[in-house]
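1. next input, structure requested:
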Amino acid sequence: MTRIQANLLLLLVALVWGSAFVAQAHAKEGVEPFTFTGIRFLLGVCIIAPLAWRDYRALARRGVRPARRDALGVAVLGVLLTLGAVFQQIGITGTTVTNAGFLTALYVPLVPLLAWMALREYPHWSVWPASAGCLFGTWLLSGAEWAAIGTGDLWVIASSVFWALHVLLVGRVADRLAAPFLVAAGQFLVCGVASLAWGAFTETITLAGIRQATWPILYTGILSVGFAYTGQVVGQRYAEAADAAIILSAETVFAALFGFLLMGDRLAPAGIAGCALIFVCILSVQMLPMFEVRRAARRA
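-> This next block holds a predicted model:
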């Protein structure tokens, strides 16, 4: 795969993820958050099961078997994925698609902050102004009033913490096992089973509701979970890290675009400024460290 093909694949991934916020917003009309999350992630397991089986066979040929520690790591990833996806889905029922897209992206500056707090990995200096910028951008997105931040927005902001923890741990688990699709399928399975089991006790699940949410479930399960997560893994193997960071960040822009076109989302000037500020801060956290590494390499 060429660099251009990889970039186009990642752009398609960002497009799918951004548009998935619209599907998630429509899903609330038929099923509740835990049920929706459980069904779509189990559907995602079915989509990537052949790739997971290939990874398992490759491990077996090398005489490697996943250890109990690996299984525990995958289970933890599944729990974090469950909390992130369910909190986000609950939040989408009480906010706009545009807000959900940009507030979810707050996980980007949270990752280095959590790495500093939990692993004592001191973050790049850009994290501090970017975090402050994201906070100010959230205030602008709320209409320049903290009191105007709705319950749905708070749920989505809370979900970004679990997405950040997931991003922080997934690389370590995947690198240790050297079977990315097997890890992905395992965490999707944990997320799907846990969400559906919780939904069975706390929500009303009906066939009529599932039929009503069929298209959102299929779209997010097949494309968002099955295709996009897999496409990200493949695309980032061939794309430049800087390219991937910029392209995948476009998920927020696509969410706003689809929210505008399909959901009637409209932002005041302050909200537009908030979205722009959050987007710039997200890019700076990802790009500035890469530029400094490249500059140091050239000098060396």
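
2. show me where the stretch 1-150 of the chain has helices.
-> Using DSSP state H, counting those that start in this stretch, the helices found in the stretch 1-150 of the chain span residues 3-27, 33-61, 68-92, 97-104, 107-119, 127-141.

3. for the second one, which helices and strands make contact with it?
-> Judged by 3 or more Cβ pairs under 8 Å, 6 or more residues apart in numbering; DSSP states H and E, the packing partners of helix 33-61 are helix 68-92, helix 180-202, helix 207-212, helix 214-218, helix 229-238. Yep, even glycine has a C-beta here, placed from its N, CA and C like the rest.

4. reformat these as CSV; add mean neighbour count, distance to Val111 and mean pLDDT.
-> Formatted as CSV, the helices and strands packed on helix 33-61 follow (neighbours: other Cβ atoms under 10 Å; distance: least, Cβ to Cβ, whole Å; pLDDT from 0 to 100):
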stretch, mean neighbour count, distance to Val111, mean pLDDT
helix 68-92, 21, 13, 92
helix 180-202, 21, 17, 92
helix 207-212, 12, 35, 91
helix 214-218, 17, 28, 93
helix 229-238, 18, 16, 79
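
5. how is this protein carved up into domains?
-> Annotated domains of the chain cover 1-31+205-266, 35-95+150-203 [automatic domain parsing].

6. for the shortest one, measure first residue to last.
-> The one in question is domain 1-31+205-266. Domain 1-31+205-266 has an end-to-end distance of 39 Å (Cα to Cα, to the nearest Å).

7. what about that domain, distance to the chain center?
-> Relative to the mean C-alpha coordinate of its chain, domain 1-31+205-266 is positioned 9 Å out (Cα atoms, centre = their mean, to the nearest Å).

8. go on, stretch 50-69?
-> 26 Å.

9. same question, stretch 176-184
-> How far stretch 176-184 lies from its chain's middle: 18 Å, per Cα atoms, centre = their mean.

10. send me that stretch as CSV with only the CA atoms.
-> Extracted as CSV, the C-alpha positions of stretch 176-184 are listed here (Å, rounded to 0.1, in the frame of the first residue of the first chain):
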residue,chain,number,x,y,z
ARG,A,176,3.0,-7.5,24.2
LEU,A,177,0.7,-10.0,22.4
ALA,A,178,1.8,-9.0,18.8
ALA,A,179,-1.7,-9.8,17.6
PRO,A,180,-3.6,-6.6,17.0
PHE,A,181,-6.8,-8.1,15.5
LEU,A,182,-7.0,-10.7,18.2
VAL,A,183,-6.7,-7.9,20.9
ALA,A,184,-9.4,-5.9,19.0
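
11. what's in contact with that stretch?
-> Identification of contacts with stretch 176-184 by Cβ atoms under 8 Å, 6 or more residues apart in numbering yields 48, 51-52, 54-56, 58-59, 64, 66, 70, 73-74, 77, 170, 173-174, 229-230, 233.

12. repeat that for stretch 200-210.
-> Counting by Cβ under 8 Å, 6+ apart, Gly30, Val31, Glu32, Pro33, Phe34, Thr35, Ile39, Gly199, Ile217 sit against stretch 200-210.

13. ok, stretch 213-224 next?
-> By Cβ under 8 Å, 6+ apart, stretch 213-224 touches 16-17, 19-20, 23-24, 26-27, 29-31, 36, 39-44, 47, 210.

14. residues contacting Ile278?
-> Ile278 neighbours (Cβ under 8 Å, 6+ apart): Phe102, Ala105, Leu106, Gly133, Cys134, Gly137, Thr138, Leu141, Thr252.

15. how about a cut-off of 7 Å?
-> Applying Cβ atoms under 7 Å, 6 or more residues apart in numbering to Ile278 gives the contacts Phe102, Ala105, Cys134, Gly137.

16. again with Leu189
-> When contacts are taken as Cβ under 7 Å, 6+ apart, Leu189 is in contact with Val45.

17. relative to Ile217, how far out is it?
-> 17 Å (Cβ to Cβ, to the nearest Å).

18. do the same with Leu81
-> Note on Leu81: its distance to Ile217, by Cβ to Cβ, is 17 Å.

19. show me the residue at the heart of the protein, geometrically.
-> Geometric centre of the chain, nearest residue: Trp163, 6.2 Å, by Cα atoms, centre = their mean.
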